[in-house]
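1. got a sequence here, can you build the structure:
(5 chains, ligands or ions: 4)
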Amino acid sequence: MALTVVVAYVGTLLWTARVSVSSARIFPTGDFVGLGQYERLFRNARWLLSLENLAIYGVLFILACLVVGFLLAAFIDQKVMGEGVLRTVFLYPYAMSFVATGLVWQWILNPELGIQRVMRRLGFEDFTFDWIVDQDNALYTIVLATVWQASGLVMALLLSGLRGIDEELWKAARIDGIPTWRVYASIVLPMLWPALSTAFMLLAVMVVKLFDAVVAMTQGGPGTATEVPAKFIMDYLFGRANIGLASAASIVLLVTVLAVVAPLYYARTKAVQRGLK
Amino acid sequence: APAAEPLKATVSHWWTSGGESAAIREFADAYNRAGGKWIDQAVAGAEQSRASTINRIVGGNAPAAAQFNTSRQFRDIVDQGLLNNVDDVAAQGNWDRILPQTILDVIRIDGHYYAAPVDIHMPAWFFYSKKAFAQAKIKDEPRTWDEFIATLDKLKAAGLIPLAFGGQVWQEKIVFDAVFALVGGPELFLKVYRDRDIAAVRSPAFRNVLVSFRKLKAYTDPGAPGRNWNDATALVVSNRAGIQIMGDWAKGEFSAAGQVAGRDFGCFPGFGPKAPYIVAGDAFVFPKTAKPNVVKAQKLLATVLTSPGAQAAFSARKGSIPIRPDVDLSQLDMCARLGLAIMQDKSRQLPNAEMLVEPDLNGAMQDVLTNYWNRNQTPEQAQQAFAQAMKDNTW
Amino acid sequence: MANVSIRNLGIQLGANRVISALDLDVRAGEFVVLLGPSGCGKSTLLHSIAGLNDAAAGSIEIGGRDMTYADPKDRGIALVFQSYALYPTMNVEKNMSFGLRIAGTPKDEIARRVARAADMLQLGPLLGRKPGQLSGGQRQRVAIGRAIVRQADVFLFDEPLSNLDAKLRTELRRELKLLHRQLGATMIYVTHDQVEAMTLADRMAVMQGGAIQQFDTPDAIYRRPENLFVATFLGAPGMNLLRGRLLRHDGRVFFDDGHLALDVTGYPFRQPPAEGQGCILGVRPEDVEVRADGPCRGSVTLVEAMGAHRVLWLDHHGTQVAAIVQDEGAPAGGAAAFALRPDRLSLFDEASTQRL
Amino acid sequence: MANVSIRNLGIQLGANRVISALDLDVRAGEFVVLLGPSGCGKSTLLHSIAGLNDAAAGSIEIGGRDMTYADPKDRGIALVFQSYALYPTMNVEKNMSFGLRIAGTPKDEIARRVARAADMLQLGPLLGRKPGQLSGGQRQRVAIGRAIVRQADVFLFDEPLSNLDAKLRTELRRELKLLHRQLGATMIYVTHDQVEAMTLADRMAVMQGGAIQQFDTPDAIYRRPENLFVATFLGAPGMNLLRGRLLRHDGRVFFDDGHLALDVTGYPFRQPPAEGQGCILGVRPEDVEVRADGPCRGSVTLVEAMGAHRVLWLDHHGTQVAAIVQDEGAPAGGAAAFALRPDRLSLFDEASTQRL
Amino acid sequence: MKRDAMADIALPPVRRKRGGMTPARLGVYVFLVTAALFFLVPLYVMLVTSVKPMAEIRLGNLFALPLAPTLAPWDSAWRTACTGLECEGIRGGFWNSVWITLPSMVLSIAIGAVNGYALSFWRPRGASLLFALLMMGAFVPAQVMLYPLVRALAAVELYSSLPGIVLVHVIFGMPTMTLLFRNYYAALPQELFKAARIDGGGFWRIFFELMLPMSTPVIVVAAIMQVTNIWNDFLLGLVFAGSDHLPMTVQLNNIINTTTGERLYNVNMAATILTSLVPLALYFLSGRWFVRGIAAGAVKG
Ligand SMILES: Nc1ncnc2c1ncn2[C@@H]1O[C@H](COP(=O)(O)OP(=O)(O)OP(=O)(O)O)[C@@H](O)[C@H]1O
Ligand SMILES: Nc1ncnc2c1ncn2[C@@H]1O[C@H](COP(=O)(O)OP(=O)(O)OP(=O)(O)O)[C@@H](O)[C@H]1O
Ligand SMILES: [Mg+2]
Ligand SMILES: [Mg+2]
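-> Ligands and ions are numbered 1, 2, ... in the order given. Model (predicted):
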């Protein structure tokens, strides 16, 4: 493991950092242009907007996924009939390529094709649901579709944690007369802390790497309303053939993420050391 | 004469749809007939296909030939010395004489030929539904910008979507380039794209282009943002929309729906007889290798791909026009024949933006445009952003 | 204050029928101790009363109402789990107060009750700790605390003091008794500690194999065990048993094991004994008197010092007989003579093992 | 067979210094019982010997080798966890044989040893069950079984019999003693059961607050406690304490609490007592003789029946004095006269609480 | 509380029928079914689209049932669709996908489990630093790492080979797998590990005999993640697998991702659903491994 970490991750990180201070286009070059790429990056309105979008999207997506995933897990855990079918239903979006499902979402959300049209045909003439073509709301449709895709995984993850909780605790809670929802909120949820933190990290990774959904649903649009950093990086990496700028963007992105995640991680480690388990 | 051992050539490209597959088969057959063995590596998505090619070059497992757009996309690879040239094929095939200048400008670098062009696409055709036109009581194709606006107004009045539009960045760019070439004129077009003339960007003429472009937004429907181009085409096919400005590949959608150019739908490349014809296209490059067999295969490929027979057969399937005039036109549709005719007039040829600017600058300009199109930006703001993008993306 | 009345209860766990056809009537306000060998179903019975196991048969009545299918929270019970089942993410104080907070008890009332419980259980300095940072005994006390802060009608304790030191245990035993008096609540208490059982119980139920063998006052159970199982299960060391037969002679009845003929005419036989009936005689160690004029003799095989007293193990023709002696003057080896106190004997039928 | 020698041990758990400067020398083959109040650090000490806690200070020597930093598996120990720590996915048989399988013991040898342990622990019918399907006592027995199937040099038992019924506990106590003799292994055994402690221990260590208060034979600890803590910690009911002062008179020494002047001249003082020294006199309940000619009188406040004996609580001028009486002839109420056996007294310095 | 006074009055039994439909249970089902319906809407659209002829799709009646249902798109997607010269639908890469996914999944789960186990229980020196670095690596877009990885693999002659692509998947899966297992093990009672060490268990013995059997729920989650990710991966397969091992998703991508060619939505949908059948089957079958109370009875207190 140590070897892979050093070679694959640290190595490529250093490599990326090196490329980010060169003028490389398709291929890495040995020259050194200082922080030129970074300056350019921070003059780029789209990049700045991407970061902003990422922040909004990230908060909404992670929260929504955790809430929905937890609710699904908690409800499925009630020894319901057809558990296998339900679990599969909630998970299936995760199995499908966003290239296709994103398109379907695009259709469904499209005011001329999807929900809005159906509702209007049903007689609700004033019904409006056109977020996907609306500058200000398009980002939320990405949240909607990606939550649809990822909350099943959160559900599975939390379910595996839920199933590990000792039945005796449930009994104790029943004796104490604690309503089921309260047990989940006050006892189970804190005990799921490790699983939740796993889910959080996975979701954070998904946030940072968000790309497919945007491409399939809005292509970053309308305008640049749904641009995200990964798409920026990918655009410059491939289509726009400028790996210098793409590398600089990756480094900035990574530093940003670290600035957000590291304190959380640190807090958690401290909590573990304090015996929270 | 066929060699004892067929010349194997792996060819990487992004032509994967049904129509495209049929077209590439023409090339493969031609190559195989010429004594080669075509090994196909199709990867959908231009960017993905190119990425895979570049990585395979890096990993030392390059294909014999790889598709690129006829543009500056492969410039860096040439500069790195990673491509073989096909100078002897070019000399033999007299490329200098038969190929359009716009294409030559892209594939000839420092006097060497680094790519074999295979087709010419015109990315800014105007397709319209004859039924829709009839319904809006429009008799003629518009011959000026103003007539075009009037046409759109009539379509709107008839309760149709005047302009079938897909609100994706690249589609916006296509429409803008069309407006740019038609309203601004080729000179301004070249000044901005080729010469990176900031003054031209700040000129009233360019402002006028921006204003005209923005005017079109009123003729699109609310469902446009994010829509795929073919969904927009479907609007025209099903006569719900009047006109779509799109590349000639859109013809594939029409014919898939059983429509015929001239009968069910019409096409015109611009307004009036002098309208510029924007040239784009695809070309194959040949990654560097020392293996003599592969080099031989590369040369054979370059020869076959640019040969009249293969060109005719390919273009007919692909919907594009051949790179050379001396081919059999019988299989081409009406629009392609129209295009080919226009191409004879060198003054109407106009290279598309990608041939003139680096991919990253092109992208940056797309970003500026999409902002302008979608937000309440003033033309001045867009001019300023254009200028900034040019400065930032020139090293 | 509520009675608990169990009728014909059957409990199935997995493939095992753990409890079958069990009847138990606990009066309101009574303190009942459950005793029985490991795995006999004590915890299962408590859990069933609490409503944590589904009854396969029978009914459970609490406070005069049929609660067989009622939810645990509606039964007015509090339970100390044998395995503690503390909420691992809550500190001691939260563990104890959680149920109260849910029930909407006023804040200061909660604080008062928790403080009292913490005081009684000597948990004061630990209120801020999580269960993972406590010793075994400390966890057990938290488990007790969680139950006693509540004002239940019926308290169920599953070996609540097993992991505490003798001193603390004595103290808590007294506190629990006190609590019982104060609240007037019904208590059902599982323990393996016979001193605990004897001192706490109003009545004691001895279980075996998912069934109740005897349910009576501690004294009655100790002195007059219903059957051989109860006789041998209680007391440490256990009751001495001598196997023999009953003989009638001259209108008197004798127990004869071949070496010893004991006149048991005064024994309160439930039914007149049959001549020659196979029979087992039981006598508690403290009822074996080691004295020079004793009619029996045995060689001393082991002397166990128990602090306050000693246990002498005597070999009586192959049967080990234990005797409790007070002073150290007792023989440390060699042979000793002893007598059995005739008014303290128990006789059991050899076949049915029931008391005669 | 290995000695265990602990020098100046310090253990830190979280923010708590649980053990500090602890010394303990266990001889090879010795049976040592650890006693102490809940939370005093017994489990922590065992875990440290086993190598499960990192020593913050000091050293641990096992079998003559410094093992302070050795891996648990290299220490030649077996441990019964207070919390059992059974492998939940393995059945009883697998739980017990896991260590042996790891050690590469031959199959039939494993089977033999597991069968023996299962037999001794009465787990035979449960070998195929998973821990989750066992009762509390059954789990505890599996935990014991897992340790005793191994041939360790040092066995560490952490309250191994706490959840077993008295009968089984007596049986197992004997079995463990037997095992100890057979294997000749060193055993360190935590218990709260004083009978267990007394009967099993070669020597006993009494702990408090992470330090050892006294380490001696059971009898010595019971009869001659080193300090007030040890004196009160052992025995149930605990030692009776009378607060007074030592007075010299006529070359004799008297203990005087204001009501009673006891001649303690014969007491083996370690240092000659000072006149008027504040002092606490301790006497065990069984050394309080209730007899008509006793010099002290008290009113009987409570009589506890304990099965084999009774405890009389006597009010002696505001101090509760417990006395153990054998026969029921003892007074059930009213007043009683009693005497303290002079050869069984303990005297402690009032200030230092150390034995005089 | 004057219970005594009420004792004479016969109190009604407090009854709650077990297994029956209480309002709470009903609520559970209502929630679950509603959620399921919401989740299923896109699948419904995909399914109906996949059985409509293109002419019907162009009409834009998204939710309408097909007027002239046809299975041709499915047939085409599975075995006849042309992507370039090859006209064998997506089935061509099926076995390649299997051979890439199986070892990649098994290896990455195994390595993640061992890493997580080592990090949670053995805590070797410097491990947390390594782990932090690994987690950082998870946030770097894989695409940025392509170039150096290609160079590295080419240097060790694993580029364009099955072991190469497996290695790449293992590397990319390592951060999340390690995280997953590490946090799962953190929730297990440490005492168990201690007991096993007393029993003389070494690193591997404890891992295989104790930890692994207790890991079934998390292994299932890991398998769900890895099978899905690897099975659906397209870019890495394209770049690293070499032309002989191209996974099925390359074909899928070729079918659904054309930029300028005509798009057959019905075939696209059919192909997408077909491709996802393998992960879906896993999801469905995974149920029995989501066992309850895996650590029941292990520790007291
Ligand atoms: N993880 C921990 N962090 C901090 N303090 C702890 C931790 N674990 C135990 N302690 C404290 O250390 C002390 C000793 O605990 P230990 O378990 O050794 O007690 P013990 O003597 O075995 O008690 P018991 O008889 O109740 O089992 C206790 O006061 C306990 O609260
Ligand atoms: N989940 C289960 N599945 C099957 N049998 C079980 C299960 N739980 C317990 N048992 C069995 O039921 C019987 C009664 O268990 P219970 O816990 O009630 O015993 P107990 O009297 O409390 O014993 P202890 O004194 O050891 O705690 C035991 O023999 C046990 O093996
Ligand atoms: Mg029990
Ligand atoms: Mg302990």
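
2. in what helix or strand does residue 173 lie?
-> No chain specified, so I'll use chain A. helix A:167-175 (DSSP states H and E).

3. oops, I was thinking of chain E
-> helix E:162-186.

4. show me what that helix is packed up against.
-> helix A:138-162, helix A:193-209, helix E:94-117, helix E:127-138, helix E:142-155, helix E:216-232, helix E:235-240 (3 or more Cβ pairs under 8 Å, 6 or more residues apart in numbering or on different chains; DSSP states H and E). (Glycine included, C-beta is placed from N, CA and C.)

5. can you name the next helix or strand after it?
-> Next element after helix E:162-186 (DSSP H and E): helix E:190-198.

6. does any part of that next one sit near chain C?
-> No: contact between helix E:190-198 and chain C is absent, the nearest approach being 8.9 Å (criterion: Cβ under 8 Å from any Cβ of the partner chain).

7. mind checking the backbone torsions on C:Phe98?
-> phi -60, psi -50 (degrees, to the nearest 10).

8. distance of it relative to ligand 2?
-> Counting by Cβ to the nearest ligand atom, to the nearest Å, the gap from C:Phe98 to ligand 2 is 25 Å.

9. still on that earlier bit, redo the helices and strands packed on helix E:162-186 as TSV? Include mean neighbour count and distance to ligand 4.
-> Shown next, in TSV, are those (neighbours: other Cβ atoms under 10 Å in any protein chain shown; distance: least, Cβ to the ion, whole Å):
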stretch	mean neighbour count	distance to ligand 4
helix A:138-162	25	29
helix A:193-209	22	26
helix E:94-117	21	27
helix E:127-138	18	30
helix E:142-155	21	50
helix E:216-232	24	31
helix E:235-240	25	53
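
10. how about the contacts made by E:Ala35?
-> By Cβ atoms under 8 Å, 6 or more residues apart in numbering or on different chains, E:Ala35 lies in contact with A:71-72, A:75, A:90.

11. repeat for B:Gly159
-> Contacts of B:Gly159 (Cβ under 8 Å, 6+ apart): none.

12. what's the burial count for A:Phe232?
-> Number of residues near A:Phe232 (other Cβ atoms under 10 Å in any protein chain shown) recorded here: 29.

13. these two touch, right, it and A:Leu48?
-> No: A:Phe232 lies out of contact with A:Leu48 (Cβ atoms under 8 Å); the separation is 10.2 Å.

14. among the helices and strands packed on helix E:162-186, which is nearest chain C?
-> With respect to chain C, and counting by Cβ to the nearest Cβ, the nearest of the helices and strands packed on helix E:162-186 is helix A:193-209 at 7.5 Å.

15. which elements pack onto that closest one?
-> By 3+ Cβ pairs under 8 Å, 6+ apart, helix A:193-209 packs against helix A:45-76, helix A:138-162, helix A:229-234, helix A:243-271, helix E:127-138, helix E:162-186.

16. as a markdown table, the helices and strands packed on helix E:162-186 with distance to ligand 1 would be great.
-> Listed next are the helices and strands packed on helix E:162-186 as a markdown table, based on distance: least, Cβ to the nearest ligand atom, whole Å:
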| stretch | distance to ligand 1 |
| --- | --- |
| helix A:138-162 | 23 |
| helix A:193-209 | 17 |
| helix E:94-117 | 22 |
| helix E:127-138 | 20 |
| helix E:142-155 | 41 |
| helix E:216-232 | 25 |
| helix E:235-240 | 45 |
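
17. will you turn those into JSON lines that also has distance to ligand 2 and mean pLDDT?
-> Listed next are the helices and strands packed on helix E:162-186 as JSON lines, based on distance: least, Cβ to the nearest ligand atom, whole Å; pLDDT from 0 to 100:
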{"stretch": "helix A:138-162", "distance to ligand 2": "20", "mean pLDDT": "93"}
{"stretch": "helix A:193-209", "distance to ligand 2": "25", "mean pLDDT": "91"}
{"stretch": "helix E:94-117", "distance to ligand 2": "28", "mean pLDDT": "93"}
{"stretch": "helix E:127-138", "distance to ligand 2": "38", "mean pLDDT": "84"}
{"stretch": "helix E:142-155", "distance to ligand 2": "47", "mean pLDDT": "84"}
{"stretch": "helix E:216-232", "distance to ligand 2": "19", "mean pLDDT": "93"}
{"stretch": "helix E:235-240", "distance to ligand 2": "47", "mean pLDDT": "87"}
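
18. which one of those lies closest to C:Gly58?
-> Checking these against C:Gly58 by Cβ to Cβ gives helix A:138-162 as the closest, at 32.8 Å.

19. tell me which helix or strand the closest residue to ligand 3 within chain E sits in.
-> Residue nearest to ligand 3 within chain E: E:Lys300 (10.8 Å; Cβ to the ion). Per DSSP H and E, E:Lys300 falls between elements, in no helix or strand.

20. and the nearest residue to C:Gly334 once chain neighbours are set aside, helix, strand or coil?
-> Leaving aside its sequence neighbours, C:Gly334 sits nearest to C:Val300 (Cβ to Cβ, 6 or more residues apart in numbering or on different chains; 6.2 Å). The three-state assignment at C:Val300 reads strand, by DSSP: H, G, I helix; E, B strand; the rest coil.

21. pLDDT wise, what is C:Val300 at?
-> C:Val300 is assigned a predicted lDDT (pLDDT) of 85.

22. which strand residues bridge it?
-> C:Leu314 (DSSP bridges).
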